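Novice: kindly generate the corresponding structure for this input.
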Amino acid sequence: MIQVRKSEDRGHSNHGWLDSYHSFSFADYHDPAHVQFSVLRVINEDRVAPGEGFPTHGHRDMEIVSYVLEGALEHKDSMGTGSVIRPGDVQRMSAGTGVRHSEYNASKSELVHFLQIWILPKTNGIAPGYEQKHFAPADLVGRLRLIASPDGRDGSVTIHQDALLYATKLDGTINVSHALTAGRRAYVHVARGSVALNGTPLAVGDGVRIENESSLRLEKGRDAEVLVFDLP
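Specialist: Next up, the predicted model:
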């Protein structure tokens with residue numbers, strides 16, 4: 001079963017300094033039909049104005065992955081970590097028993113555009129942790145590049161859940177496929193451009209729930225950047 005949710009059907013909030021689209025229920029946006037999918041709890045597409053951001057706030061028992069599309073996101077946390085995340089960087093923060101952090105647009109003149117992803121951990125109460133890795137754009141072109149996994153394989157960041165996160169860039173000349181083990185589910189998010197999933201056309205911002213399918217095929221990409229979640 002392939003169930004598409006169009007970009008314009010997502011939740012939306014605009015606070016002036018922050019323009020955010022919510023694939024799942026978040027903050028003041030609540031939709032009982034879209035609270036989470038498997039262990040995937042949040043995909044927020046955020047655009048933050050220059051010099052603005054999220055002041056220090058707390059999280060617990062959540063795997064938080066940040067994926068920057070444009071600009072630079074400055075991160076500081078109570079573990080002593082300070083970093084700037086740019087396109088190609090993937091950041092993983094395990095909130096565990098509790099962590100406080102802030103996120104700001106590192107530029108005074110340019111927008112930062114990123115995806116904030118929350119995944120429920122397999123075990124609560126773990127020690128907080130942080131990890132950041134860079135994936136060259138060429139590593140994503142025409143292939144599904146593993147960027148997050150439970151064991152950090154292939155240079156991916158390590159998340160504390162039996163979930164795999166892949167990223168790919170497609171220009172229409174190469175198609176990619178992914179086999180799903182029986183009983184596994186998947187979620188696809190189109191971060192840029194357009195693509196077809198198993199023959200179904202998708203546009204930027206669209207999300208897809210996939211169940212009872214043996215394989216996924218992404219084709220007819222046009223300046224596409226796509227995230228694929230392989231989920232329990």
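
Novice: tell me how many other residues crowd R60.
Specialist: Neighbourhood size, R60 [other Cβ atoms under 10 Å]: 12. For glycine as for every other residue, the C-beta is placed from the backbone atoms N, C-alpha and C.

Novice: show me the contacts for it.
Specialist: Shown here is R60, whose contacts under the criterion Cβ atoms under 8 Å, 6 or more residues apart in numbering are 95-99.

Novice: got a quick PyMOL command for the buried subset of the residues you listed?
Specialist: In PyMOL syntax, the buried subset of the contacts of R60 is picked out as below (16 or more other Cβ atoms under 10 Å):
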select buried, resi 95+96+99
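
Novice: which one of the contacts of R60 is nearest L170?
Specialist: The shortest approach to L170 among these belongs to A95, at 32.6 Å (Cβ to Cβ).

Novice: for the residue lying closest to the closest one once chain neighbours are set aside, give its distance to I43.
Specialist: Of all residues not flanking A95 in the chain, H59 sits nearest, at 3.7 Å (Cβ to Cβ, 6 or more residues apart in numbering). The span separating H59 from I43 equals 16 Å under the rule Cβ to Cβ, to the nearest Å.

Novice: neighbour-wise, which of those two wins?
Specialist: When neighbours are counted by other Cβ under 10 Å, I43 comes out ahead of the other of H59 and I43, with 24 against 18.

Novice: so that one makes contact with F24?
Specialist: Yes. Contact criterion Cβ atoms under 8 Å: I43 and F24 qualify, at 6.5 Å.

Novice: mind giving me the domain ranges of the protein?
Specialist: Domain assignment of the chain by automatic domain parsing yields the ranges 10-135, 138-231.
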